[in-house]
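Q: build the 3D model from these lines:
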Amino acid sequence: MLIRSAAAAVALALAPAAMAQEAAPAPAAQAETLPDIVLGNADAPLTVIEYASFTCGHCANFHTESFQKLKTEYVDTGKVRFIQRDVYFDQPGLWAGVLARCGGDEKFYPVSSMLFTEQQEWLSGGTGEEIAANLRKIGLKAGMTEDQMTACWEDTAKAEQLIATFQQNATADEIEATPTFIIGGEKVSNQPWEDMKGVIDAKLAEAD
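A: So this is what the prediction gives:
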């Protein structure tokens, strides 16, 4: 179950540099939740939510094969507002989630895109330290500093908030796998772009 996986991730130290520390973050249930980061027109007639894990290969495939089509045809034209909600299967996925938010809301989607596009490269590290070093390279390319990334990964309060947010959203929407989409309030499984486009078009027609 994804919720149990997330709880296990929280029980671990957040970043490799902190692995030797004995203190673990408090249970996620005690933390505040964070608002969605919206891409596109907030007043768009249709909302598409994607539950995705940065370590999920199918999620990376969606972002390399279909996301740009969704953005160009629907988000950029004001028809759809898009929301990505992170899912944490494991510790590296949590590190990546923290990095995606480290540069602020305006950098969330650009950094997320880099994380999905370069997923195989940064996950290729054989140890946690190597994976973290690979993630740092992405952060540097996105304009973050070494000190900035270290501070983000050491911010256990923010990690608790990310986990609490994930748990609340995934439980409410009964998410069991990634990627899973909520299109106009309807849960939709991962599928080829043309099929998803058909669902989006039908929902937009209903909204007219």
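Q: center of this protein - which residue?
A: residue 86 (3.1 Å; Cα atoms, centre = their mean).
Q: partner residues bridging that residue?
A: residue 52 (DSSP bridges).
Q: wait, it sits on residue 167?
A: No: taking contacts as Cβ atoms under 8 Å, residue 86 lies outside contact range of residue 167: 11.3 Å. All C-beta spots, glycine's among them, are computed from the backbone N, C-alpha and C.
Q: could you pull up the residues touching residue 152?
A: 98-99, 101-102, 158 (Cβ atoms under 8 Å, 6 or more residues apart in numbering).
Q: which one of the residues you listed has the most neighbours?
A: In terms of neighbour count, residue 99 stands highest of the contacts of residue 152 at 27 neighbours, by other Cβ atoms under 10 Å.
Q: give me the local confidence score for it.
A: Residue 99 is assigned 96 on the pLDDT scale.
Q: so it, which state does it fall into?
A: Under the three-state scheme (DSSP: H, G, I helix; E, B strand; the rest coil), residue 99 adopts helix.
Q: cool, and residue 144?
A: On the three-state scheme (three-state DSSP), residue 144 is labelled coil.
Q: any idea how far residue 101 is from it?
A: 11 Å (Cβ to Cβ, to the nearest Å).
Q: give me the common contacts of the two.
A: Contacts common to residue 144 and residue 101, judged by Cβ under 8 Å, 6+ apart, are absent.
Q: low-confidence ranges, the chain, go.
A: 1-30 (pLDDT under 70).
Q: and with 90 instead?
A: The model of the chain has pLDDT under 90 over residues 1-32, 89-91, 125-129, 207-208.
Q: what segments of it are helices?
A: 2-11, 57-65, 67-70, 91-102, 105-117, 119-122, 128-141, 146-153, 156-172, 193-207 (DSSP state H).
Q: and of the contacts of residue 152, the nearest to residue 185?
A: residue 101 (25.8 Å; Cβ to Cβ).
Q: now do the contacts for the closest one.
A: Counted by Cβ under 8 Å, 6+ apart, residue 101 has contacts 37, 108, 152, 158, 162.
Q: from residue 52, how far out is residue 166?
A: 11 Å.
Q: again with residue 138
A: With distances taken as Cβ to Cβ, residue 138 is found 16 Å from residue 52.
Q: more crowded one of these two?
A: More crowded of residue 138 and residue 52, by other Cβ under 10 Å: residue 52, with 26 against 20.
Q: I'd say residue 95 and residue 129 touch.
A: No: judged on Cβ under 8 Å, residue 95 makes no contact with residue 129 at a distance of 11.2 Å.
Q: who has more neighbours, those two?
A: Using other Cβ under 10 Å, the more surrounded residue of residue 95 and residue 129 is residue 95, with 26 against 13.
Q: buried residues of stretch 189-202, list them for me.
A: 190, 196-197, 199-200 (16 or more other Cβ atoms under 10 Å).
Q: picking that back up, identify the contacts common to residue 166 and residue 52.
A: With Cβ under 8 Å, 6+ apart as the test, residue 166 and residue 52 both reach 85-87.
Q: before we move on, the earlier item: of all the contacts of residue 152, which two lie farthest apart?
A: 99 and 158 (11.4 Å).
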